[in-house]
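Asker: Output the structure for:
(4 chains)
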There are 2 protein chains.
Amino acid sequence: MRRRDWCVISAFGLVLMANSQFAMAVHVLALLANNCDERVKSGLLAESVNTNPVVIRRLLADLHEAGLVVSQTGYCGGTCLTKHPSEITLREIFLAVSECEVFSLHPNTPNQECDVGLGIVPVLDELGKEINGTVLDKLEDHSLQEIIERVIQIK
Amino acid sequence: MRRRDWCVISAFGLVLMANSQFAMAVHVLALLANNCDERVKSGLLAESVNTNPVVIRRLLADLHEAGLVVSQTGYCGGTCLTKHPSEITLREIFLAVSECEVFSLHPNTPNQECDVGLGIVPVLDELGKEINGTVLDKLEDHSLQEIIERVIQIK
DNA sequence: TTTTACTGTAACTATCATTGTTACAGAAAG
DNA sequence: CTTTCTGTAACAATGATAGTTACAGTAAAA
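Answerer: Next comes the predicted model:
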């Protein structure tokens, strides 16, 4: 995703935090999957998500960077998936909108004179990586295809 | 924890998001565990975490509500753990600072006229619960005692 | 019983990431 | 060359968290 300078922040918090981007990404991709044969315009996506087209385009930029979609500018432009929904996992989507290489610091650096303050950061760091891995593994188990099927069933 | 009105926000995002509270909670509890025999003052905790005593006291209020600590006011007041560190899991700590009963909505309600917009919310909701459960299970595997041992080893 | 040193909490302000918006350059079909 | 898109910059709005000040209440100590 677009590099975020504030990535190095709050142990744990950030890596797991997907905010609304992940939900929006799944929503948008599900919609694209439902219209595999045509290019979908950001305006239409925005209408479904109930937000502004520019917000959608920003999201699509991340998804494009991750190789999940292609867009075409100009007349009759729009966006398509690059692969079949069964080949896209939630893990890929999650990483596309929340990938951060580093993390694991308190907002403020703990007091390094204090034994606990000194040792807590690396420990939380390891822990964060472990949890993050667990989440990614779980997300790997779900494909976009599965999501669409579940979504359609709701109706 | 202190009830947050904005809990009903952004599918996924919030439940997993522990922000700095979780890291701070683990830090504070580790410090209390290292001083089992005495009452620790919020000022001392704040010094180690490198923040304001009031921020610590707010956190302690959540931990107290969860039954993890007791505080005493007045002269020679301070805070203690209520149980042995080996009896406190990271799961308890996490829940103490991030418990939210409900979640799973986009910031804006998706367009209910659209099939995907209609079905995506419950699907993301289920998914969020699944992931959340996975994280909690993982956190259950770690005790505060283990954390302290790892922290001490860093030195 | 008065002083001292704490917690608990309310009420701010400050910070800062995300979202929403407007604007416009660039691209592609007609 | 006009129309209709995307891509992106720039900026305002929003909103949650963190930081701060202030003070009431409480308990030991003098």
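Asker: Rounded mean pLDDT for the longest helix along chain A, please.
Answerer: In terms of residue count, the longest helix belonging to chain A (DSSP state H) is helix A:115-140. The average pLDDT for helix A:115-140 rounds to 88.
Asker: Mind listing what's buried along it?
Answerer: A:115-121, A:123-125, A:127-128, A:131-132, A:134-136, A:138-139 (16 or more other Cβ atoms under 10 Å in any protein chain shown). In this view, the C-beta of every residue, glycine as well, is placed from N, C-alpha and C.
Asker: likewise stretch A:56-65?
Answerer: For stretch A:56-65, by 16+ other Cβ under 10 Å, it's A:56-57, A:59-60, A:62-64.
Asker: right, is that stretch up against DNA strand D?
Answerer: Yes. Applying Cβ under 7 Å from any atom of the strand, one finds that stretch A:56-65 is in contact with DNA strand D at A:57-58, A:60-61, A:64.
Asker: distance of A:Phe22 from chain B?
Answerer: Distance, A:Phe22 to chain B, using Cβ to the nearest Cβ, to the nearest Å: 5 Å.
Asker: So which of the residues of stretch A:56-65 next to DNA strand D belong to helices?
Answerer: Those of the residues of stretch A:56-65 next to DNA strand D lying in helices (DSSP H): A:57-58, A:60-61, A:64.
Asker: Among those, which ones lie close to chain B?
Answerer: Among those, no residue sits close to chain B (Cβ under 8 Å from any Cβ of the partner chain).
Asker: so which of the residues you listed would you say is closest to chain B?
Answerer: Closest approach between those and chain B, by Cβ to the nearest Cβ: A:Arg58, at 14.6 Å.
Asker: distance of the closest one from DNA strand C?
Answerer: From A:Arg58 across to DNA strand C, the span is 7 Å (Cβ to the nearest atom of the strand, to the nearest Å).
Asker: which among the buried residues of stretch A:56-65 gets closest to B:Glu38?
Answerer: The shortest approach to B:Glu38 among the buried residues of stretch A:56-65 belongs to A:Asp62, at 50.3 Å (Cβ to Cβ).
Asker: per-residue pLDDT, that closest one?
Answerer: So A:Asp62 comes in at 95 (pLDDT).
Asker: from what I can see it touches A:Ala96, true?
Answerer: Yes. The criterion here is Cβ atoms under 8 Å, and A:Asp62 meets it with A:Ala96 at 5.5 Å.
Asker: From the structure, what's the count of residues near the nearest residue to A:His84 once chain neighbours are set aside?
Answerer: Nearest non-adjacent residue to A:His84, counting by Cβ to Cβ, 6 or more residues apart in numbering or on different chains: A:Gln145, 7.4 Å away. Neighbours of A:Gln145 under the rule other Cβ atoms under 10 Å in any protein chain shown: 16.
Asker: what sits against A:Gln145?
Answerer: Taking Cβ atoms under 8 Å, 6 or more residues apart in numbering or on different chains, we find A:Gln145 in contact with A:33, A:84-86, A:88.
Asker: got it, and A:Ser143?
Answerer: Here A:Ser143 is in contact with A:85-90 (Cβ under 8 Å, 6+ apart).
Asker: roughly how far apart are the residue positioned nearest the centre of chain A and A:Glu65?
Answerer: Nearest to the mean C-alpha position of chain A, counting by Cα atoms, centre = their mean, stands A:Val97 at 2.8 Å. Distance of A:Val97 to A:Glu65, given as Cβ to Cβ, to the nearest Å: 10 Å.
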